[in-house]
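1. What follows is a predicted structure for the sequence shown.
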Amino acid sequence: MTTAAAALLTLLPRATPVDTDREAAREAARDELSRQIYEQHRPGLIRQAFDWVWEQLGKLLDFAVAPGGWIGVLVLVAVAVALLVALRLRLGRLRTGAAGAARPDVFGDTVRSAAEYRAAADAHAAAGAWREAVRDRMRALVRSLEERTLLDPRPGRTADEAATEAGAVLPELADRVRAAARLFDAVTYGDAPAAEDDHRRLLELDETVRRARPRLTAPPTPPDAAPFAGAPR
């Protein structure tokens, strides 16, 4: 139960509300709605919600002093609590969705060599830390492609983008690299678990990519262009 809801319920046992109850409830509602989870959604939705809650608080206190007013009080308390709970759940989903949409650089904050990533992956695997082993093995794969100049080093490239670009030069491995990128995203950003088999498949893919010969296609020659300078048309 939220702080504001608790403050509303504390009003029920009192037969006659006083000004301090009204102010305390208002402050509790303001404190609840000013929490960090709501800040990024101000002023529209949260401002309206706060105004509505305060309006209902005023009605609640007015009903409490009228004959039979406690029925109205109970109804208003239930509605106010439901609103605050729904609002918290809604904003929590928005925040989770925004976080899930973010896909930072595959290398994180520091870029190392492919050999360093492989050594780190081996160390994690030896310790049974499979999620970390999967992350560093995928980074080794992408960094290896950059070191071979099959991918241009580019800050901000995501695992999905790297897989798409790698598939263009290694088409026979495109599906496997894309699957590896999805696993990397799930483990790194979705808190998905990883197992020894996951790392083993990535290790095999990394070794296969290291041995693979890229398909480098030349720009197409226009139909009316001569094959070389001075050649007859």
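-> Cool, the structure landed.
2. ok, how many other residues are close to the closest residue in space to residue 199 that isn't next to it in sequence?
-> The spatially closest residue to residue 199, leaving aside those adjacent along the chain, is residue 133, at 4.5 Å (CB to CB, 6 or more residues apart in numbering). No exception for glycine: its C-beta is placed from N, CA and C like everyone else's. As a burial measure, residue 133 scores 26 neighbours (other CB atoms under 10 Å).
3. Residue 193 and residue 153: what is the separation?
-> Distance from residue 193 to residue 153, counting by CB to CB, to the nearest Å: 31 Å.
4. what mean pLDDT does the helix or strand that the residue nearest to residue 199 is a member of have?
-> Using DSSP states H and E, residue 133 sits within helix 130-147. Averaged across helix 130-147, the pLDDT comes to 97.
5. Residue ranges of each domain in the protein, please.
-> According to the TED database, the chain is divided into the following domains: 47-93, 114-211.
6. Would you mind giving the ones you listed as CSV with distance to residue 108 added?
-> Formatted as CSV, the domains of the chain follow (distance: least, CB to CB, whole Å):
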stretch, distance to residue 108
domain 47-93, 26
domain 114-211, 8
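7. Out of these, indicate the one that is most buried.
-> Greatest average neighbour count among these goes to domain 114-211 (a mean of 18), per mean count of other CB atoms under 10 Å.
8. quick one: the helices in the chain?
-> 3-9, 19-33, 36-39, 44-64, 69-101, 114-126, 130-147, 159-169, 174-189, 196-211 (DSSP state H).
9. still on that earlier bit, I'd assumed residue 125 was in contact with the residue nearest to residue 199.
-> Yes - Residue 133 is within contact range of residue 125, at 4.3 Å (criterion: CB atoms under 8 Å).
10. hey, what's in contact with both of these two?
-> residue 199 (CB atoms under 8 Å, 6 or more residues apart in numbering).
11. Now do residue 116 against residue 129, distance only.
-> Note on residue 116: its distance to residue 129, by CB to CB, is 17 Å.
12. which stretches of this structure have low pLDDT?
-> 1-50, 53-54, 56-57, 59-77, 79-80, 83, 85-103, 216-233 (pLDDT under 70).
13. can you rerun that using 80?
-> Within the chain, the stretches with pLDDT under 80 are 1-104, 215-233.
14. who's in contact with the residue nearest to residue 199?
-> Residues in contact with residue 133 (CB under 8 Å, 6+ apart) are 121, 122, 124, 125, 194, 199.
15. got the contact list for the fourth one?
-> For residue 125, the contacting residues are 133, 196, 199, taking CB under 8 Å, 6+ apart as the criterion.
16. Now with 7 Å, please.
-> Contact analysis of residue 125 by CB atoms under 7 Å, 6 or more residues apart in numbering lists 133, 199.
17. Can you tell me how far it is from residue 197?
-> Taking CB to CB as the measure, residue 125 falls 12 Å from residue 197.
18. what sits in contact with each of the two?
-> With CB under 7 Å, 6+ apart, residue 125 and residue 197 have no common neighbours.
19. For residue 150, give me phi and psi.
-> Backbone torsions of residue 150, given as degrees, to the nearest 10, read phi -80, psi -20.
20. I figured it hits residue 214, correct?
-> Yes - Residue 150 is within contact range of residue 214, at 5.4 Å (criterion: CB atoms under 7 Å).
21. Give me the common contacts of the two.
-> residue 169.
22. who are the neighbours in contact with the residue nearest to residue 201 when sequence neighbours are not counted?
-> For residue 201, ignoring the flanking residues on the chain, the nearest one in space by CB to CB, 6+ apart is residue 180 at 7.7 Å. Counting by CB under 7 Å, 6+ apart, residue 180 touches 138, 141, 163, 202, 205.
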